[in-house]
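[1] From the sequence below, what's the structure:
(2 chains)
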Number of protein chains: 2
Amino acid sequence: MLRTRPAAASDAPLITSHRRRMFVDAGRRDDQVLKIMAEAHEPWVAKAIAEGRYLGWLTEDDGQVVAGAGLLLLDWPPHPLDPRSTMRGYLLNVYVEPSHRRRKLASNLIDTALAEARRRGIRVVALHSTDEGRALYEASGFRTTNEMFYVEPIES
Amino acid sequence: MLRTRPAAASDAPLITSHRRRMFVDAGRRDDQVLKIMAEAHEPWVAKAIAEGRYLGWLTEDDGQVVAGAGLLLLDWPPHPLDPRSTMRGYLLNVYVEPSHRRRKLASNLIDTALAEARRRGIRVVALHSTDEGRALYEASGFRTTNEMFYVEPIES
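    Residues are numbered from 1 along each chain as shown, chains lettered A, B, ... in the order given. Predicted structure coming up:
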């Protein structure tokens, strides 16, 4: 029996494990970096949920969490795509347990997040996708953007 | 005589005019949308500067502002690219008056913003580039990302 519920601040360790395994699935293999990230993410996400800036959803199968996703509410400059708004949504921490893949759990969580953004009058929702995830997001109406990153090299 | 100074909240109308003309240069021709955006952006940027979340720089030529850029400090989940940080930078409102183009004013403002991000321990700085801007940002070390957007269609 599948059921989706909102995430609470007390779900921070679980959401953090989703985030870590999501990056492992995406091919990141540096355990030390993932460990540092997880230690910093857990208090960050607990605080963001408590403050209402991170909206999370968790899907349970007979009471066991098997999938999750989050929507971060970003303070954002009004943009021609959403000229009245000072908010942008950011979809993150989308993860489905291997045992429960190919059952549309991710799609349903994405739809839930997009519906919540719409309810709040947010017209633009961004995310970063792996190559494997792209088709899923395209099916939900996402398209690629013109974003660029500068990433500071690590000092040797 | 060129001089670059930090932006103050009182520069909000000027920064907003940069933003509007930046989008016109990028090919956006819907005046009504740009007007709505500008009206919402001006108080947004004034508040963000006052709160220290928007860092702006303006380049003056004999006291007249001829170029500008901003760095928005985003609350961001720790990520493998920057595993200890809960901040990401976002470069925006990069604009140079037509009379002063091809004199490296944009490059210098970008370098200033990246140096400030570095000083604050922020390793990732994002932006959205026009096709025309891409070479400039690549020269400063930016590369394209895997970002995707969902944009809510306007009701007819």
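[2] Can you show me the strands along chain A?
    In chain A, the strands defined using DSSP state E lie at A:2-6, A:54-61, A:64-75, A:87-96, A:124-128, A:143-144, A:147-151.
[3] could you redo those strands as TSV and give each row distance to chain B, mean neighbour count and mean pLDDT?
    (Glycine included, C-beta is placed from N, CA and C.) Conversion of the strands of chain A to TSV gives the following (distance: least, CB to the nearest CB, whole Å; neighbours: other CB atoms under 10 Å in any protein chain shown; pLDDT from 0 to 100):
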stretch	distance to chain B	mean neighbour count	mean pLDDT
strand A:2-6	18	12	98
strand A:54-61	8	21	98
strand A:64-75	6	22	98
strand A:87-96	6	22	98
strand A:124-128	4	22	98
strand A:143-144	6	13	97
strand A:147-151	4	20	98
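[4] Nearest to residue B:55, out of the ones you listed?
    Of all these, it is strand A:64-75 that lies closest to residue B:55, at 14.4 Å by CB to CB.
[5] elements contacting the closest one?
    Taking 3 or more CB pairs under 8 Å, 6 or more residues apart in numbering or on different chains; DSSP states H and E as contact, the helices and strands that strand A:64-75 lies on are helix A:12-25, strand A:54-61, strand A:87-96, helix A:105-119, strand B:64-75.
[6] I'd like the ones you listed written out as CSV, with distance to residue A:144 added.
    Formatted as CSV, the helices and strands packed on strand A:64-75 follow (distance: least, CB to CB, whole Å):
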stretch, distance to residue A:144
helix A:12-25, 20
strand A:54-61, 24
strand A:87-96, 15
helix A:105-119, 16
strand B:64-75, 21
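[7] so which of these gets nearest residue B:8?
    With CB to CB as the measure, strand B:64-75 is the member of those nearest residue B:8 (11.9 Å).
[8] Direction included, what does that closest one pair up with?
    Looking at strand B:64-75 with DSSP bridges, its paired strands and their directions are strand B:54-61 (antiparallel), strand B:87-96 (antiparallel).
[9] Next, the angle from the first one to helix B:12-25.
    Orientation of strand B:54-61 against helix B:12-25 (axes from the mean of the first three to the mean of the last three CA atoms, to 10 degrees) gives an angle of 80 degrees.
[10] Pull strand B:54-61 out as CSV, backbone CA atoms only.
    Coordinates of each C-alpha in strand B:54-61 appear next as CSV, following Å, rounded to 0.1, in the frame of the first residue of the first chain:
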residue,chain,number,x,y,z
TYR,B,54,22.9,40.9,-3.2
LEU,B,55,26.4,42.2,-3.7
GLY,B,56,26.6,44.7,-6.6
TRP,B,57,29.4,46.5,-8.4
LEU,B,58,29.1,49.5,-10.7
THR,B,59,31.8,50.8,-12.9
GLU,B,60,31.8,54.6,-13.5
ASP,B,61,33.5,56.6,-16.2
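[11] Touching, residue A:112 and residue A:4? I think so.
    Yes: taking CB atoms under 8 Å as the contact criterion, residue A:112 and residue A:4 are neighbours in contact, 6.6 Å apart.
[12] shared neighbours, the two?
    residue A:57 (CB atoms under 8 Å, 6 or more residues apart in numbering or on different chains).
[13] middle-most residue in chain A, spatially?
    Chain A has residue A:92 as the residue nearest its centroid, 1.4 Å off, counting by CA atoms, centre = their mean.
[14] Look up the closest residue to that one, ignoring the ones flanking it.
    Excluding its sequence neighbours, the residue lying closest to residue A:92 (CB to CB, 6 or more residues apart in numbering or on different chains) is residue A:70, at 5.0 Å.
[15] ok, the one you found - contacts?
    Listed by CB under 8 Å, 6+ apart, the contact partners of residue A:70 are A:7, A:15, A:45, A:54, A:55, A:56, A:57, A:91, A:92, A:93, A:94, A:113.
[16] Distance of the first one relative to residue B:112?
    In this structure, residue A:7 and residue B:112 are separated by 39 Å, where distance is defined by CB to CB, to the nearest Å.
[17] And the last one, by the same measure?
    For residue A:113, the distance to residue B:112 equals 36 Å [CB to CB].
[18] So if I had to pick from the two, which one is more boxed in?
    residue A:113 (26 against 17; other CB atoms under 10 Å in any protein chain shown).
[19] hang on, the more buried one packs against residue A:126?
    No: between residue A:113 and residue A:126 there is no contact under CB under 8 Å: 11.6 Å.
[20] residues shared between the contacts of these two?
    With contacts taken as CB under 8 Å, 6+ apart, residue A:113 and residue A:126 have A:89, A:91 as neighbours in common.
[21] longest single helix anywhere in chain A?
    Of all the elements of type helix in chain A, the one with the most residues (DSSP state H) is helix A:31-50.
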